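K.L.:
Give me a model of this one.
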Amino acid sequence: MKIQEVELKTGLERGNIRFYEKMGLLCPVRRSNGYREYSDEDVRTLLRVRLMRQLDIPLEEIARMQRQPEQLAEVLTHRMETVRQESLLLERTQEVCKAIRDAGIRYDQLEPEQWLRQMDRPAEQGQSLPPSPVRRDVVPIHPHPWRRFLARWLDLELCRLALEVLLYLVLNLYPLKNFWFEVLDYLFSVGALLLVEPILLSRWGTTPGKFLLRLRVTNLTGGKLTLSQARERTKGVFFRGVGLFLPVYSLYRNYRSYRSCGEGEPLDWEEASCCVASPLPLWRCAAFGLAFLMMIPLGTLLSLQATLPKQRQPLTMAAYAQNFNDMREHFLPDYRYEMSDAGELTERPSDSQGTVIIEEEDLFPHPVTECRYTMEGEFLTAIELTVTVDGGAEATPVAYGAEDQILLSTLAFVGARKELSPLTGGLIPLTDRMTNDPLESYEYTIAGVRVRRQVESSGYVGVSGLLFPREDVSAPYFHLRYTLELL
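P.N.:
All right, here's what the predicted structure looks like:
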């Protein structure tokens with residue numbers, strides 16, 4: 001039979017049944033699909049357990065009687081003696097309560113010492129009375145699986161954000177938009193949380209996400225976890241709770257953890273700890289929602305900051321060359337040239353063995369791109385790039401390769417302006433204005449720099465980086481003048 005039928009027949013909740021199973025008090029058969037199949041004997045076992053628990057027999061004693069059924073009489077005799085002692089203690093409690101009430105005093109006039117002595121006075125002759133127990137008061141524990149899940153999500157995103165700050169702002173690395181970078185970014189974030197969370201739990205009993213959602217992790221007596229306990233708990237959460245964040249397995253483990261937590265079942269990683277949830281005020285919900293909404297824009301701002309050139313205006317020639325090469329590595333890793341500190345382009349090998357790869361454009365002649373720099377003292381103030389193609393009477397297609405140099409020069413020079421920041425879109429305003437049409441002319445001003453592109457052409461058509469002469473023009477020509485000038 002299914003667990004729903006067992007609940008009806010035994011009057012026990014699902015969480016209790018699962019807990020007794022975990023304690024080894026019953027072992028239902030597992031079907032081929034993984035679901036439990038309970039027998040009539042399992043139901044009788046649960047009813048026996050329920051009876052014993054209502055008699056307040058500890059679970060350890062019930063497990064011992066399952067192994068040694070003949071111990072029932074001994075266990076019940078011991079329980080009867082315990083009940084007798086508890087009855088005597090209750091009688092004394094009633095006597096002390098009546099005496100305090102009849103004294104007619106207020107709470108702030110109460111002298112506790114004499115009443116404590118009366119509660120702890122030795123038993124009368126012939127009686128065996130245990131000392132009055134000291135109550136252990138703890139905060140009630142509530143499951144709240146969604147609060148726990150959202151708190152962990154926020155903690156993970158904060159670790160990812162901290163990692164991006166380290167990579168982009170401290171180490172000055174460029175964000176790589178590829179699958180493996182995203183995988184490594186995620187794994188490092190998980191690793192950071194594995195290291196940081198045990199420290200936070202052992203020190204303060206909470207994490208940023210748990211703090212916002214009023215969750216606190218304690219040991220079973222309500223105190224703080226030790227560092228080793230916190231490590232074991234965090235490791236259990238990652239292995240058995242979220243399934244190491246593996247794509248499909250993680251969904252399964254999150255679902256199982258959600259079900260177990262929602263039904264009040266004991267979680268595998270909380271044998272020595274518990275998660276305590278306090279009432280959640282509205283302002284904390286709003287704070288969590290704000291933090292949730294800020295994660296994406298903050299990550300975007302960090303990414304935009306990382307793409308900006310590292311050397312800012314004013315630029316020396318060496319600083320401009322460094323920006324040029326950095327932009328090449330980030331935006332055009334296949335670009336075949338790198339810039340020296342003097343501003344000159346030199347061809348670089350296309351692979352680690354020093355082999356120059358022949359591309360399709362190499363089959364066509366390349367026009368020469370001339371570059372002129374204007375300096376004021378040691379600082380660069382203007383750049384001019386010119387390209388001239390004179391096809392003559394027997395014009396052939398020409399590989400027009402200046403656009404890559406124009407792009408990198410613009411990003412390295414204009415992108416270094418302090419007016420360009422993550423809040424203004426980083427380099428996006430620049431890249432949006434770049435054209436793929438070699439015959440287009442334009443002029444605009446951005447971040448205090450005049451960008452001017454002047455094209456004079458006749459008889460050429462631009463297609464995929466190539467200039468094709470038109471058959472109806474006898475002597476085609478092409479001239480480009482591209483300038484970047486500080487205002």
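
K.L.:
helices and strands around the longest helix that the chain contains, which ones?
P.N.:
Across the chain, the longest stretch assigned as helix under DSSP state H is helix 72-102. Contacts defined by 3 or more CB pairs under 8 Å, 6 or more residues apart in numbering; DSSP states H and E place helix 72-102 against helix 59-67, helix 112-119. C-beta here means a position set from N, CA and C on the backbone, and glycine is covered the same way.

K.L.:
mean confidence score for that helix?
P.N.:
Averaged across helix 72-102, pLDDT comes to 89.

K.L.:
Just want the angle from it to helix 112-119.
P.N.:
Interaxial angle of helix 72-102 relative to helix 112-119 (axes from the mean of the first three to the mean of the last three CA atoms, to 10 degrees): 140 degrees.

K.L.:
chain center to helix 72-102: distance?
P.N.:
Relative to its chain's centre, helix 72-102 lies at 54 Å (CA atoms, centre = their mean, to the nearest Å).

K.L.:
just the angle between that helix and helix 59-67, please?
P.N.:
Using the same axes, to 10 degrees, helix 72-102 lies at 160 degrees relative to helix 59-67.

K.L.:
Where does residue 485 fall, secondary structure wise?
P.N.:
Assigned by DSSP states H and E, residue 485 falls within strand 477-486.

K.L.:
Which strands or helices does that strand pack on?
P.N.:
Against strand 477-486 (3+ CB pairs under 8 Å, 6+ apart) you get strand 379-390, helix 402-413, strand 449-458.

K.L.:
For the next helix or strand after the last one, which helices and strands make contact with it?
P.N.:
Okay, so that is strand 449-458. The helix or strand immediately downstream of strand 449-458 is strand 460-463, counting by DSSP H and E. Counting contacts by 3+ CB pairs under 8 Å, 6+ apart, strand 460-463 is packed against strand 466-469.

K.L.:
and the strand it packs on, which residues are buried?
P.N.:
Neighbour-count burial for strand 466-469, counted by 16 or more other CB atoms under 10 Å, picks out 466-469.

K.L.:
Quickly run through the sheet partners of it, with directions.
P.N.:
strand 398-399 (antiparallel), strand 460-463 (antiparallel) (DSSP bridges).

K.L.:
Kindly calculate the angle that the strand holding residue 485 makes with helix 402-413.
P.N.:
Using the same axes, to 10 degrees: strand 477-486 against helix 402-413 is 0 degrees.

K.L.:
So what touches strand 477-486?
P.N.:
By CB atoms under 8 Å, 6 or more residues apart in numbering, the residues outside strand 477-486 that reach it are 367, 374, 381-391, 398, 400, 402, 406, 409-410, 413-414, 438, 448-460, 467.

K.L.:
Nearest to residue 241, out of the helices and strands packed on helix 72-102?
P.N.:
helix 59-67 (24.7 Å; CB to CB).

K.L.:
Among the helices and strands packed on helix 72-102, show me which one is buried the most.
P.N.:
Ranked by mean neighbour count, the helices and strands packed on helix 72-102 are led by helix 59-67 with a mean of 14 (mean count of other CB atoms under 10 Å).

K.L.:
packing partners for that one?
P.N.:
By 3+ CB pairs under 8 Å, 6+ apart, helix 59-67 packs against helix 40-54, helix 72-102.
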